[in-house]
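Visitor: Fold the following for me, if possible:
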Amino acid sequence: MKFDIKSVLVLPLGFRRLFALCAVFALVGGQVLKANLDPQAEAILKKARQFISDEPTLNGVRSLRFEGTITNPDGKTGKISISLQQPYKLMQSIQHDNGMVDEFGLNDYEGWLKRFKTDNPEVYALMPVDVARLKRLRANTYEGLNFFSTKTNYGRKIEYLGKEDLDGKPVEVVKILYGSAIFVRYFDEETGELLLSEIENGERIQEQGELMVSGIRFPKYLITFRGDEQISHLEFNKIEVNPVFDDSLFTQPPLPSLRKK
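Guide: Numbers count the residues shown, from 1 in each chain. Here you go, the predicted structure:
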């Protein structure tokens with residue numbers, strides 16, 4: 001599974017880019033105006049899915065929860081939790097060393113950023129996301145839950161870019177577009193393993209290690225670069241497949257000025 005949690009957060013440098021990646025969705029919505037899919041792109045995406053797990057297992061995923069630690073180059077760390085639920089529900093939170101918590105939420109077409117301190121959670125700042133971030137959030141949620149799906153529609157297009165050499169290894173390259181939000185995926189030609197992802201702002205995400213959970217292969221680490229600079233290192237220490245979430249987790253909080261006293 002390629003969960004690019006790195007393009008949507010707007011917070012402190014580094015963590016900001018991480019929450020940022022949580023939002024990649026081109027208002028993916030209905031299955032209308034299905035686009036033609038290049039047979040070469042379809043073949044490599046199917047191989048990538050087979051590398052992760054079998055079709056019945058992947059098609060049975062309705063929700064996911066990730067827990068881990070995110071570290072910046074300066075050594076600052078945060079505890080990260082990411083919850084995803086079909087079709088477009090997301091809650092991502094980072095608790096920083098200083099007790100500040102940043103949350104990014106999505107409930108279909110509602111997206112928001114919330115910030116508060118652990119010792120006073122009733123006092124918080126809340127900001128709805130703009131359209132561009134909403135698209136990214138929806139796209140990332142879809143990608144995270146659907147494991148290199150071959151489905152295309154009006155808002156999701158797939159292009160085959162051909163074969164390249166990546167650090168001495170032959171790869172096949174596929175571009176997935178959600179309007180202005182773009183994933184360029186580099187897959188091992190032989191196995192279908194994802195080796196590298198790039199997004200439209202130039203960031204590159206590498207996966208390392210492996211966690212097998214409920215018969216699905218997940219990455220242990222996500223390392224994000226901008227140019228030659230590493231901007232974050234994310235380690236997952238717990239992953240759950242099909243956890244049951246309360247609907248309130250994905251409900252946008254009231255604006256602070258409208259809360260009941």
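
Visitor: C-alpha from now on. contacts and neighbour counts both.
Guide: Will do.

Visitor: Start from the N-terminal end of the stretch 151-261 of the chain and give the strands.
Guide: Using DSSP state E, counting those that start in this stretch, the strands of the stretch 151-261 of the chain run over 157-166, 169-178, 181-188, 194-199, 203-208, 211-213, 216-218, 221-226, 229-241.

Visitor: what's the offset of the fifth one from the middle of its chain?
Guide: On the basis of Cα atoms, centre = their mean, to the nearest Å, strand 203-208 sits 12 Å off its chain's mean C-alpha point.

Visitor: again, but for the longest one
Guide: Between the mean C-alpha location of strand 229-241 and the chain-wide mean there is a distance of 11 Å, by Cα atoms, centre = their mean.

Visitor: before we move on, what about the second one?
Guide: Its chain's C-alpha centre and that of strand 169-178 lie 17 Å apart, by Cα atoms, centre = their mean.

Visitor: Might one say that residue 77 is in contact with residue 94?
Guide: No - at 9.4 Å, residue 77 does not count as touching residue 94 under the criterion of Cα atoms under 8 Å.

Visitor: which one of these two has more residues nearby?
Guide: residue 94 (25 against 20; other Cα atoms under 10 Å).

Visitor: The more buried one pairs with what?
Guide: residue 80, residue 102 (DSSP bridges).

Visitor: what do you get for residue 63?
Guide: Going by DSSP bridges, residue 63 forms beta bridges with residue 85.

Visitor: who's the closest residue in space to residue 188 that isn't next to it in sequence bridged to?
Guide: Closest residue to residue 188 apart from its sequence neighbours, by Cα to Cα, 6 or more residues apart in numbering: residue 171 at 4.7 Å. Per DSSP bridges, the residues bridged to residue 171 are residue 164, residue 188.

Visitor: And residue 171, what's its pLDDT?
Guide: Note for residue 171: predicted pLDDT of 96.

Visitor: next one: residue 81
Guide: So residue 81 comes in at 96 (pLDDT).

Visitor: now residue 259
Guide: 55.

Visitor: again, but for residue 144
Guide: In this prediction residue 144 is given a pLDDT of 94.

Visitor: And it, its phi and psi?
Guide: phi -70, psi -30 (degrees, to the nearest 10).

Visitor: repeat for residue 154
Guide: According to degrees, to the nearest 10, residue 154 has phi -60, psi -40.

Visitor: What score does it have for pLDDT?
Guide: Value for residue 154, per-residue pLDDT: 81.

Visitor: and the gap between it and residue 109?
Guide: With distances taken as Cα to Cα, to the nearest Å, residue 154 is found 17 Å from residue 109.

Visitor: And the two? Which one has more around it.
Guide: More crowded of residue 154 and residue 109, by other Cα under 10 Å: residue 154, with 17 against 14.

Visitor: Which strand residues bridge residue 68?
Guide: Beta-bridge pairing of residue 68 under DSSP bridges involves residue 80, residue 236.

Visitor: any weak-confidence spans in the stretch 1-150 of the chain?
Guide: Applying pLDDT under 70 to the stretch 1-150 of the chain flags residues 1-36.

Visitor: number of nearby residues for residue 255?
Guide: The burial count for residue 255: 13, using other Cα under 10 Å.

Visitor: Quick check: nearest residue in space to it, chain neighbours excluded?
Guide: Nearest one to residue 255, counting by Cα to Cα, 6+ apart, is residue 126 at 6.4 Å.

Visitor: Excluding chain neighbours, what is closest to residue 233?
Guide: Residue 233 sits nearest to residue 223 (Cα to Cα, 6+ apart), 4.7 Å away.

Visitor: Report the contact partners of the one you found.
Guide: 205, 206, 207, 208, 230, 231, 232, 233, 234 (Cα atoms under 8 Å, 6 or more residues apart in numbering).

Visitor: 10 Å instead, please
Guide: Applying Cα atoms under 10 Å, 6 or more residues apart in numbering, we find residue 223 in contact with 4, 6, 70-71, 204-208, 230-235.
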